[in-house]
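K.L.:
Structure, please.
(2 chains)
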Number of protein chains: 2
Amino acid sequence: AIQTVECEAPPKKDEKKKSSKTAEDDKKRKLEGLTPDSPMRLRMEAFNKQLQAEITARLEKLDGVGKFKVDSWNRVEGGDGISMVLQDGKVFEKAGVGVSVVYGMLPPAAVAQMRAQHPNIAATKEAMPFFATGISCVIHPHNPNAPTVHFNYRYFELGSEDGGEPVSWWFGGGCDLTPTILYEEDAVHFHRVIKEACDKHDPRYYRDFKKWCDEYFYIPHRGERRGVGGIFFDDLDDKKPDELFAFVQTCGKAFLDQYVPIMERRKDMPFSDDDKHWQQIRRGRYVEFNLVYDRGTKFGLLTPGARIESILMTMPLTARWEYMHEPDLKAHARLMETLRVPREWIPL
Amino acid sequence: AIQTVECEAPPKKDEKKKSSKTAEDDKKRKLEGLTPDSPMRLRMEAFNKQLQAEITARLEKLDGVGKFKVDSWNRVEGGDGISMVLQDGKVFEKAGVGVSVVYGMLPPAAVAQMRAQHPNIAATKEAMPFFATGISCVIHPHNPNAPTVHFNYRYFELGSEDGGEPVSWWFGGGCDLTPTILYEEDAVHFHRVIKEACDKHDPRYYRDFKKWCDEYFYIPHRGERRGVGGIFFDDLDDKKPDELFAFVQTCGKAFLDQYVPIMERRKDMPFSDDDKHWQQIRRGRYVEFNLVYDRGTKFGLLTPGARIESILMTMPLTARWEYMHEPDLKAHARLMETLRVPREWIPL
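P.N.:
Predicted structure coming up:
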């Protein structure tokens, strides 16, 4: 399935874009105020924007110096986005939190692809209206003892024209932690908090989505994973929308509890030049995963008119590639063992 | 067509690899000594290895301090490779020159793809023996006044089993220059030398291959080219093998004349922190092109058992991604104009 990417499609000269009826109706609905009966897409959008505001405020407090630069935009066809990036702060090298809302038309080839996961979508040779909203976040701290983190939660709707029910809809998302130096207790904490969030909604979620995460963040050409995992899920539509929305909300709200305690104990730890150097090598692997394998990034790069700065705000500020580099400290080599063979951080 | 990549396929446990008969025969031929009547694959291999030795010796002299680290390997199925990398020298941040020789079997799907460009390949449901040899080189200097350069020349053969003539064969390659700071005279010099090389063989080559190069090194998601171009060609089989081999040799031998004079005048020029910073941003674009679009890199990353360190030796030592970065010096912005609209450096 397609991941939500921050994208802005500026109108092409030879093409008249117009706002969809759904987008127009939704504008009115928002002015009237949302209720628990409002369409899911509006409630998820509102949740994303609220979460973005909470998280960026907390991260600014944690940094103490750096401030988020805020870029907002509107799409002519409907939808908008807010990219917030804190660059070169005291604690954070680069932290990006983006929200996007997209009303658009999905080409028949893309619709056909989605039928594989969502058989209730009828075969069609016509483009179908779609809606997508998501929040995504990548944080790269300065201190090599402090891990990079990523999360993304998104909602997708197909065929909800003229205010009717969508033909198909689903949720996707996940979170994962990428340390430079392995602290087992950080990985355990990160997993424990998201497992508790999952357990509130379904006892199978953590086990299944932890495994999916280990598979998704695999870098085949390196034979290693990007980090120590977390959860990953997509195409989730097997419960009532409100139940799944509640699950995604619990996950999103868990993020600060997952990450802030780790940052509090790592951000001011002393580190060596070797640690910083190793961090830069690991940043290179992060770039490799994002540019070569990440679905959201690939989809974004292939989308004409996509807002490239929003798609690539996940990139680290700096990265390094050395020929035949091998970790020369035991502490660094220990991380690699974990990236090659994923571990169960929490007893299941 | 497939580009040659340095690749080493270590034998899998469940698969017995054996050397192809062609590879075995070629070993004997090499021991007996090559003549102008020897198979093209052996002459191209010998040329590549000789060129690699010449270029690395000259680059070491230019650097004055750094030395190339040499890694050689053999493939069980036949073939070998030499990766030479100079890292963190006085002049060069990272310079890699690699040669590879691969005897292998091409899966039917890949054979089918090649029929599009080479209709003399018969339709088949079986894997076909192939041979590939290439030399590739990427040089990233420290000084931001000095440009990054890349070249690659390669020869491919399909179906040459048991010492017979190949079913199909072709040459490919090219060279291109990637400045951080634009010096028109450097671009003109680089293009003039390769145009003179082309003109010795065919009056259309420079015009056609310069255009192909501008197209190949385009980064769609940035709306810019990787650098100021050079030449690019592939699937070249429309003349006698010896004529095309002579052309490729002239191009390969032209490289030092293309690049060394530029380096001589740029390597010790003073530069500012702004220049170095801009260089790091441009290095990021180089990484984006290589990981997202470059055929050789993509093919290498997808090849099971490929030698990843050889494939990614083209990466810069360091790179940088800033959110919403805009060049703040006029000299830097001037480069961007050239990357957005390619120029004719030499009157045609």
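K.L.:
quick one: secondary structure of residue A:66?
P.N.:
Look at residue A:66: counting by DSSP: H, G, I helix; E, B strand; the rest coil, its state is coil.
K.L.:
roughly how far apart are it and residue A:92?
P.N.:
Computed as C-beta to C-beta, to the nearest Å, the residue A:66 to residue A:92 distance reads 6 Å. Placement of C-beta: from N, CA and C, glycine included.
K.L.:
And these two? Which one has more around it.
P.N.:
Looking at residue A:66 and residue A:92 with other C-beta atoms under 10 Å in any protein chain shown, you find the greater number of neighbours at residue A:92, namely 27 against 20.
K.L.:
Name the spans of the stretch 101-250 of chain A whose pLDDT lies under the cut-off.
P.N.:
With pLDDT under 70 as the threshold, the stretch 101-250 of chain A has low-confidence stretches at A:160-163.
K.L.:
Which secondary structure state does the residue of it found nearest chain B sit in?
P.N.:
Among the residues of the stretch 101-250 of chain A, residue A:221 lies closest to chain B, at 4.6 Å counting by C-beta to the nearest C-beta. Using three-state DSSP, the three-state assignment for residue A:221 comes out as coil.
K.L.:
Just want the phi and psi numbers for it.
P.N.:
Dihedral angles phi and psi of residue A:221 (degrees, to the nearest 10) take the values phi -70, psi -10.
K.L.:
name the element the residue nearest to it when sequence neighbours are not counted belongs to?
P.N.:
Nearest-residue entry for residue A:221: residue B:301, 4.6 Å, with adjacent residues in sequence omitted and distances by C-beta to C-beta, 6 or more residues apart in numbering or on different chains. Applying DSSP states H and E as the criterion places residue B:301 in helix B:295-302.
K.L.:
tell me what that helix is packed against?
P.N.:
When contacts are defined as 3 or more C-beta pairs under 8 Å, 6 or more residues apart in numbering or on different chains; DSSP states H and E, helix B:295-302 packs onto helix B:308-311.
K.L.:
which is the next helix or strand following the helix it packs on?
P.N.:
Where DSSP H and E defines the elements, the next helix or strand beyond helix B:308-311 is strand B:318-320.
K.L.:
ok, and what's touching that next one?
P.N.:
Counting contacts by C-beta atoms under 8 Å, 6 or more residues apart in numbering or on different chains, the residues outside strand B:318-320 that touch it are A:280, A:287, A:317-321, B:93, B:277, B:280-281, B:283-284, B:286-287.
K.L.:
Mind checking what helix or strand follows that strand in sequence?
P.N.:
Downstream of strand B:318-320, the first helix or strand assigned by DSSP H and E is helix B:330-340.
K.L.:
Check the average confidence over that following helix, would you?
P.N.:
With pLDDT averaged residue by residue, helix B:330-340 scores 94.
K.L.:
With stretch A:287-298 instead?
P.N.:
With pLDDT averaged residue by residue, stretch A:287-298 scores 93.
K.L.:
Just the residues contacting that stretch, thanks.
P.N.:
Stretch A:287-298 has contacts (C-beta under 8 Å, 6+ apart) with A:2-5, A:136, A:152, A:217, A:219, A:221-222, A:226, A:311-312, A:314-316, A:319, B:287-288, B:291-292, B:301, B:319.
K.L.:
Apart from its chain neighbours, what residue comes closest to the spatially most central residue of chain A?
P.N.:
Most central in chain A under C-alpha atoms, centre = their mean is residue A:152, positioned 2.2 Å from the mean C-alpha point. Leaving out its chain neighbours, the residue that sits closest to residue A:152 by C-beta to C-beta, 6+ apart is residue A:136, at 4.1 Å.
K.L.:
Neighbours of residue A:272, how many?
P.N.:
Close neighbours of residue A:272, defined as other C-beta under 10 Å, add up to 11.
K.L.:
next one: phi and psi at it?
P.N.:
Comment: the main-chain dihedrals of residue A:272 come out as phi -100, psi 170, following degrees, to the nearest 10.
K.L.:
any idea how far it is from residue A:331?
P.N.:
Computed with C-beta to C-beta, the distance linking residue A:272 and residue A:331 is 10 Å.
K.L.:
thinking again about what came up before, tilt between the host helix or strand of the residue nearest to residue A:152 and helix A:295-302?
P.N.:
In this assignment (DSSP H and E), residue A:136 forms part of strand A:128-141. Note on geometry: by axes from the mean of the first three to the mean of the last three C-alpha atoms, to 10 degrees, strand A:128-141 and helix A:295-302 are set 110 degrees apart in direction.
K.L.:
In terms of secondary structure, what does the helix or strand following strand A:128-141 contact?
P.N.:
Per DSSP H and E, strand A:128-141 leads on to strand A:148-158 as the next helix or strand towards the C-terminus. Identification of packing neighbours for strand A:148-158 by 3+ C-beta pairs under 8 Å, 6+ apart yields helix A:40-63, strand A:128-141, strand A:168-178, helix A:241-266.
K.L.:
Go through the ones you listed and name the closest to residue B:79.
P.N.:
Minimum separation from residue B:79 across the helices and strands packed on strand A:148-158 (C-beta to C-beta) falls at strand A:168-178, 36.6 Å.
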